[in-house]
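[1] Provided below are the primary sequence and the corresponding predicted coordinates.
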Amino acid sequence: MENSDNIISLKNLPVGKSGKVINLICKKSKRRRLLDLGITPNTIIRNERVSPSGNPIAFNIRGTVIALRKEEAEEILITIL
């Protein structure tokens, strides 16, 4: 089990930093969509950039850059590497 002090929401991951997925706290179709995008426990995700308006955020997930809205990224718990 990860130390809860190190667990943050993906939306709070600083640009240029990477984290490891701990858990998805969303349910049903939202959860299925994130799993289909390859966001599964132990996946390494890197914050590539934030749009000028702050929403969406571009993440590198398994070698592919995917944009997620802050509301979606908030439901992904990670630990910073």
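    Great, that's in hand. Numbering: from 1, shown residues only.
[2] from here on, contacts and neighbour counts on C-alpha atoms
    OK.
[3] what's the separation between the residue most central in space within the chain and Leu37?
    For the chain, Leu10 is the residue whose C-alpha lies nearest the centre (Cα atoms, centre = their mean; 3.9 Å). Using Cα to Cα, to the nearest Å, Leu10 is found at 15 Å from Leu37.
[4] wasn't Arg32 part of a helix?
    Yes: under DSSP: H, G, I helix; E, B strand; the rest coil, Arg32 falls within a helix.
[5] okay, now it: neighbour count?
    Residues contacting Arg32 under the criterion other Cα atoms under 10 Å number 13.
[6] likewise Lys11?
    Lys11, neighbours per other Cα under 10 Å, totals 22.
[7] quick one: contacts for it?
    Ile57, Lys70, Ala73, Glu74 (Cα atoms under 8 Å, 6 or more residues apart in numbering).
[8] gap between the third one and Ala67?
    Using Cα to Cα, Ala73 is found at 10 Å from Ala67.
[9] same check, this time on Ile76
    Where Ala67 is concerned, Ile76 sits at a distance of 14 Å (Cα to Cα).
[10] what's the answer for Gly38, then?
    Per Cα to Cα, Gly38 is found 13 Å from Ala67.
[11] one step back: select from the contacts of Lys11 every entry located in helices.
    Lys70, Ala73 (DSSP state H).
[12] what is the nearest of the contacts of Lys11 to Asn6?
    Closest approach between these and Asn6, by Cα to Cα: Glu74, at 15.3 Å.
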